[in-house]
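Chemist: Need coordinates for the following:
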Amino acid sequence: MTIDPLAGPPRANGIYSNTPARAPKQEMDSEVFMNLLVAQLRNQDPSSPMDTNQMISQTTQLATMEKLTSMDKVAIENFSLQMRMSAAALIGQTVSWLDKDGTTTKSGVAESVSFASGVPVVKVGEMNIPLDQISGVTAPQINIPQPA
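Modeler: Model (predicted):
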């Protein structure tokens with residue numbers, strides 16, 4: 001019987017180990033940029049080093065990218081806060097929306113709001129309507145008694 005040297009349990013540090021492959025990044029961030037810059041510095045020709053203007057330009061691009069990423073996160077948080085405030089302001093108001101078929105307009109008084117999902121959900125009676133499906137808002141009518 002022949003014994004296959006490759007058969008058997010995988011070795012921890014060998015070429016036949018079954019360590020999981022790292023998933024590729026879907027976004028470029030500062031870590032990716034720094035890795036590229038370090039690789040570029042390691043592999044440069046010592047007789048012709050990188051131009052300092054290029055290095056400063058790339059560092060500036062990194063700082064700009066980090067700031068834009070930060071601004072994007074703040075903008076997303078602001079939008080989320082605006083949606084929550086808008087939904088909360090609907091409580092007590094008469095809201096209208098299209099039914100599931102998109103043919104009939106329904107309306108009712110907003111009783112409460114849930115922030116459990118990404119888009120606030122307004123509760124009208126037994127219905128739960130996502131904020132982005134509300135098509136209209138009417139202020140409640142106040143009946144003021146006329147003096148006799």
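Chemist: isn't Val122 right next to Ala87, touching?
Modeler: Yes. Contact status for Val122 versus Ala87: in contact at 6.0 Å, counting by C-beta atoms under 8 Å. In this view, the C-beta of every residue, glycine as well, is placed from N, C-alpha and C.
Chemist: tell me, what's touching those two both at once?
Modeler: Shared contacts of Val122 and Ala87 (C-beta atoms under 8 Å, 6 or more residues apart in numbering): Val113, Leu131.
Chemist: Neighbour count for the two, which is higher?
Modeler: The residue with more neighbours, out of Val122 and Ala87, is Val122; 25 against 21, by other C-beta atoms under 10 Å.
Chemist: Could you point out the bridge partners of that one in the sheet?
Modeler: Val122 forms beta bridges with Val113, Ile129, as assigned by DSSP bridges.
Chemist: distance of it from Asn128?
Modeler: Remark: distance between Val122 and Asn128 (C-beta to C-beta, to the nearest Å) = 7 Å.
Chemist: Name the SS class of the residue nearest to the spatial centre of the chain, please.
Modeler: Geometric centre of the chain, nearest residue: Ile76, 7.4 Å, by C-alpha atoms, centre = their mean. With DSSP: H, G, I helix; E, B strand; the rest coil as the basis, Ile76 sits in helix.
Chemist: mind checking how far it is from Gln44?
Modeler: In this view, Ile76 and Gln44 are 38 Å apart by C-beta to C-beta.
Chemist: now the strands: where do they sit in this structure?
Modeler: 94-98, 105-109, 112-114, 121-124, 127-130, 134-138 (DSSP state E).
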